[in-house]
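In: quick one: sequence and predicted model below, then my questions.
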Amino acid sequence: MFVTGFLRLPIASCDYISPMAQQASFDVTTGVDLQEVDNAVNQAQKEISQRYDFKGSPATIALNRTDGKIALTAENDYKMEALWDVLQTKLIKRSVPVKNLDPGEITPAGGDTVRRDIALKMALDGDTAKKVAAAIKEAKLKKVQAAIQGDQVRVTSPSRDDLQTAMALLRGKDFGVELKFGNYR
């Protein structure tokens, strides 16, 4: 008998280990590219500095990256609307989803000016995440599950085809924000 240096030990009670069904998943999030927003703000500032109707006007656009807000300042409501239109145009050209902007009310500011703050929606809020999860559950897709994980929704299924169907379903609905799909595995 050959002895090769290996001992064969019996496996206790389990000779076959069944493979688990692999779960495929993707994450649903939202947000804006702050660099593109910064570029759009810079382009809008350049345009208003060159426009005839804004000559000598204290109109400004300022991006606060840490708070995720854009502050607009203008002389009156008419110029504020023009400023807002210029900014929206530049954001659209830079492929920033305008749905992810939350414009505030126009309020009086010091020095006979008006101010408007625009909040950037950087993450899914709780209500939107619940709506996304509920839409997937209402569709009754076979073995597709949605779980809210902080500011994102994780959608899992053993079938990648079912996940593609879930993505198409979510793209077809309006949740008030631009949805992004990531971590598809």
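Out: Cool, the structure landed.

In: and residue 99, backbone torsions?
Out: When read as degrees, to the nearest 10, the backbone of residue 99 gives phi -60, psi -30.

In: just want the most central residue of the protein.
Out: residue 30 (1.3 Å; CA atoms, centre = their mean).

In: state the pLDDT value of that residue.
Out: As predicted, residue 30 sits at a pLDDT of 88.

In: state the distance from the residue nearest to residue 41 when sequence neighbours are not counted to residue 44.
Out: In space, and not counting its chain neighbours, residue 41 is closest to residue 63: 4.7 Å by CB to CB, 6 or more residues apart in numbering. (Each C-beta comes from the backbone N, C-alpha and C, glycine too.) Distance of residue 63 to residue 44, computed by CB to CB, to the nearest Å: 10 Å.

In: show me where this protein has its strands.
Out: With strands called from DSSP state E, the chain shows them at 24-29, 60-64, 69-74, 101-103, 107-109, 113-120, 145-149, 152-157, 180-182.

In: just put those strands in a markdown table and tack on mean neighbour count.
Out: A markdown table is the format used below for those (neighbours: other CB atoms under 10 Å):
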| stretch | mean neighbour count |
| --- | --- |
| strand 24-29 | 19 |
| strand 60-64 | 16 |
| strand 69-74 | 21 |
| strand 101-103 | 16 |
| strand 107-109 | 10 |
| strand 113-120 | 18 |
| strand 145-149 | 15 |
| strand 152-157 | 20 |
| strand 180-182 | 13 |
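
In: with distance to residue 168 added, can I get those in CSV?
Out: As requested, the strands of the chain are exported to CSV (distance: least, CB to CB, whole Å):
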stretch, distance to residue 168
strand 24-29, 12
strand 60-64, 34
strand 69-74, 32
strand 101-103, 26
strand 107-109, 41
strand 113-120, 27
strand 145-149, 15
strand 152-157, 12
strand 180-182, 11
